[in-house]
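**Student:** based on what follows, work out the 3D shape:
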Amino acid sequence: MSIQPRLAAASAAARAKLGVPELGEMKRRGDKLSVVTAYDAPSAVLAEAAGVELILVGDTAAMVVFGHGSTLPVTLEEMILLTRAVSGAARRPLVIGDLPFGSYEVSDEQAVASAIRLLKEGGADLVKLEGAGRMASRVRAIAEANIGVIGHVGLTPQSATRLGGFRAQGRTAASALALFDDALALERAGAVAVVLEAVPAAVAASISERLAVPTIGIGAGPGCDGQVLVWHDLLGLSAAATPRFVRRYAELGEEIAGALRAYVADVRSGSFPESVHTYSIPDEERARFEAALAERRLRG
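**Tutor:** Numbering: from 1, shown residues only. Have a look, this model is predicted:
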């Protein structure tokens, strides 16, 4: 029996789709939200079985799925495809479709149109976009279209070049206050949650205390209302160096490489496949088959 039917055997109650109000209620109770990225159906099934509340189909797919050097090259069409794969398998967690670079910056109308596509074609429950300032207008427009939207401040990878690279943000009083104001502006614009990335823990804690909506931290300390990590980072599937805020919970890359090396060796030695891995043909049918081949050879 494959892993998906086994893991899909959860009770109906456990698989009831979460709602945005439940996320707010978890914040009020002090219950932490667990969020992980995923980019395909098997990963979504495993994430759901582990009990995560939200699955982010992140634009990090540009790097960990498509092999680019940054998040910028991934397209809206690619994000829709990946989101559809995850949403088709995840039943209980809320699925967040990440709006990629170039799909929302031009105008409120572009942002709403892209968000609608992620919901209609990708099956997302929510969308996420980066930045504040004029991006608060994008958040407001999407929220007014009755689409749940999550904001993202601090280190915003789509703007990493402008920010001076992949580095922590809010490490001076002035920049910390700016982040605080940005997060409040996103909440006022209608964001149902705010991601805080690479923000000093004390700053993130102050923002989390002030906001009524949940904060989701990545490199922002334990004071956030939830945490998110990239699938490949936490499972040890990425060969690249990981940021300091990543905890690797497994080294599956090494295990997979070892399994593949063993497979290659078995193929080359002839020890795979064995008879147990093959299918038989009845003796009489084999005799007919070989006789037919012999007759073809005689006919030339």
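**Student:** Gly51: neighbouring residues, count only.
**Tutor:** 11 (other CB atoms under 10 Å). For the C-beta atoms, the positions are set from N, CA and C on the backbone; glycine is no exception.
**Student:** nearest residue to it in space, please, no chain neighbours.
**Tutor:** Ser34 (7.0 Å; CB to CB, 6 or more residues apart in numbering).
**Student:** just checking, that neighbour is part of a helix?
**Tutor:** No - counting by DSSP: H, G, I helix; E, B strand; the rest coil, Ser34 is not found in a helix; it is strand.
**Student:** check what pLDDT the closest residue in space to Glu144 that isn't next to it in sequence gets.
**Tutor:** Excluding its sequence neighbours, the residue lying closest to Glu144 (CB to CB, 6+ apart) is Gly190, at 7.1 Å. We note a pLDDT of 98 for Gly190 in this prediction.
**Student:** start the count at 690 instead of 1 going forward.
**Tutor:** New numbering, starting at 690: the last item is Gly879.
**Student:** pretty sure Gly879 contacts Arg827?
**Tutor:** No - taking contacts as CB atoms under 8 Å, Gly879 lies outside contact range of Arg827: 10.4 Å.
**Student:** of the two, who's got more company?
**Tutor:** Under the criterion of other CB under 10 Å, the comparison of Gly879 against Arg827 puts Arg827 first, with 27 against 18.
**Student:** what about Lys721, distance to Glu940?
**Tutor:** 25 Å (CB to CB, to the nearest Å).
**Student:** likewise Val842?
**Tutor:** Taking CB to CB, one finds Val842 at 32 Å from Glu940.
**Student:** got it, and Ala825?
**Tutor:** Applying CB to CB to Ala825 and Glu940 gives a distance of 41 Å.
**Student:** which one of those two has more residues nearby?
**Tutor:** Ranked by neighbour count (other CB under 10 Å), Ala825 and Glu940 place Ala825 first, with 20 against 12.
**Student:** pretty sure that one is in a strand, no?
**Tutor:** No - when three-state DSSP is applied, Ala825 is found to be helix, with no strand at that position.
**Student:** ranges for the helices of the chain?
**Tutor:** Taking DSSP state H as the criterion, the chain carries its helices at 692-696, 709-718, 730-739, 750-753, 765-776, 797-809, 824-833, 849-852, 862-878, 890-899, 920-923, 941-958, 972-988.
**Student:** make JSON lines from these and add distance to Ile785 to it.
**Tutor:** Formatted as JSON lines, those follow (distance: least, CB to CB, whole Å):
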{"stretch": "helix 692-696", "distance to Ile785": "21"}
{"stretch": "helix 709-718", "distance to Ile785": "11"}
{"stretch": "helix 730-739", "distance to Ile785": "12"}
{"stretch": "helix 750-753", "distance to Ile785": "13"}
{"stretch": "helix 765-776", "distance to Ile785": "9"}
{"stretch": "helix 797-809", "distance to Ile785": "9"}
{"stretch": "helix 824-833", "distance to Ile785": "13"}
{"stretch": "helix 849-852", "distance to Ile785": "20"}
{"stretch": "helix 862-878", "distance to Ile785": "15"}
{"stretch": "helix 890-899", "distance to Ile785": "19"}
{"stretch": "helix 920-923", "distance to Ile785": "14"}
{"stretch": "helix 941-958", "distance to Ile785": "23"}
{"stretch": "helix 972-988", "distance to Ile785": "54"}
